[in-house]
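Peer 1: Build the 3D model from these lines:
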Amino acid sequence: MAKLKITQVKSVIGRKKDHRATVEALGLNKIGKTVIHEDTPQIRGMMNKVIYLLEIEEVQ
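Peer 2: Model prediction:
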């Protein structure tokens, strides 16, 4: 199964409460922090909701 490297590139200050919660649920809390998750429909949905705050890269 493929993995996704997700990096937060924008701040959550002033964003909607549910967008802030989604970023936190992904395991991100600072600009520049990177996490790796399995490529699942749940993670894809979370990423799509806050795509404007993230940078996504597929890793093997």
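
Peer 1: Please, where are all the helices along this structure?
Peer 2: Counting by DSSP state H, the chain has helices at residues 17-25, 41-49.

Peer 1: quick one: the first one to chain centroid distance?
Peer 2: The chain centroid and the centroid of helix 17-25 are separated by 9 Å under C-alpha atoms, centre = their mean, to the nearest Å.

Peer 1: related to what we said a few turns ago, can you list the helices of the chain in a markdown table and add mean pLDDT and mean neighbour count?
Peer 2: Every C-beta, even on glycine, is put in place using the N, C-alpha and C of the backbone. Listed next are the helices of the chain as a markdown table, based on pLDDT from 0 to 100; neighbours: other C-beta atoms under 10 Å:
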| stretch | mean pLDDT | mean neighbour count |
| --- | --- | --- |
| helix 17-25 | 98 | 14 |
| helix 41-49 | 97 | 13 |
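
Peer 1: Now render those helices as CSV, adding distance to residue 57.
Peer 2: Listed next are the helices of the chain as CSV, based on distance: least, C-beta to C-beta, whole Å:
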stretch, distance to residue 57
helix 17-25, 17
helix 41-49, 12
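
Peer 1: which residues touch stretch 12-27?
Peer 2: 6, 8, 29, 35, 37, 43, 46, 47, 49, 50, 53, 54 (C-beta atoms under 8 Å, 6 or more residues apart in numbering).

Peer 1: Select, out of the helices of the chain, the one closest to residue 2.
Peer 2: helix 41-49 (10.8 Å; C-beta to C-beta).

Peer 1: and the closest one with helix 17-25, angle?
Peer 2: Computed by axes from the mean of the first three to the mean of the last three C-alpha atoms, to 10 degrees, the angle separating helix 41-49 from helix 17-25 equals 130 degrees.

Peer 1: other SSEs contacting helix 41-49?
Peer 2: Contacts defined by 3 or more C-beta pairs under 8 Å, 6 or more residues apart in numbering; DSSP states H and E place helix 41-49 against strand 3-8, helix 17-25.
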